[in-house]
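Q: here is the input, now give the coordinates:
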Amino acid sequence: MTDPAHQSAPWPPSAEEQALGDALEAILKAGVHNLDGIVAGLNRSGVAAPGGRPWTEEAFRAEMRRLGA
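A: Numbers count the residues shown, from 1 in each chain. Alright, predicted model coming up:
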């Protein structure tokens, strides 16, 4: 589970944000560090992008900006 102490957003994470953080943590721990690999990993994880859509590089960048990451 993602540690809220390492979160940059000024609000507690929603369930969706927590799931995204957990998925990202697993992807990075598996050694994937390039954007296309992260996006592919998120799409395999079952964690949908905002609006329930599949992840794209643009959607990932937008969500990271929104979260202040």
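Q: middle-most residue in the chain, spatially?
A: residue 20 (3.8 Å; CA atoms, centre = their mean).
Q: ok, that residue - contacts?
A: 42, 47, 63 (CB atoms under 8 Å, 6 or more residues apart in numbering). No exception for glycine: its C-beta is placed from N, CA and C like everyone else's.
Q: if you set the cut-off to 6 Å instead, what comes out?
A: Shown in contact with residue 20 (CB atoms under 6 Å, 6 or more residues apart in numbering): residue 47.
Q: so which strand or helix has it?
A: Here residue 20 is covered by helix 15-29, with elements defined by DSSP states H and E.
Q: could you pull out the buried residues of that helix?
A: Across helix 15-29, burial judged by 16 or more other CB atoms under 10 Å covers 17, 18, 19, 20, 21, 23, 24, 27.
Q: which strands or helices does the helix or strand that contains residue 40 pack on?
A: Using DSSP H and E, residue 40 maps to helix 35-45. When contacts are defined as 3 or more CB pairs under 6 Å, 6 or more residues apart in numbering; DSSP states H and E, helix 35-45 sits against helix 15-29, helix 57-67.
Q: how about it: buried residues?
A: For helix 35-45, by 16+ other CB under 10 Å, it's 38, 39, 41, 42, 45.
Q: format those residues as a markdown table; extra columns: distance to residue 53 and pLDDT.
A: Listed next are the buried residues of helix 35-45 as a markdown table, based on distance: CB to CB, whole Å; pLDDT from 0 to 100:
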| residue | distance to residue 53 | pLDDT |
| --- | --- | --- |
| 38 | 16 | 98 |
| 39 | 12 | 98 |
| 41 | 16 | 98 |
| 42 | 11 | 98 |
| 45 | 14 | 97 |
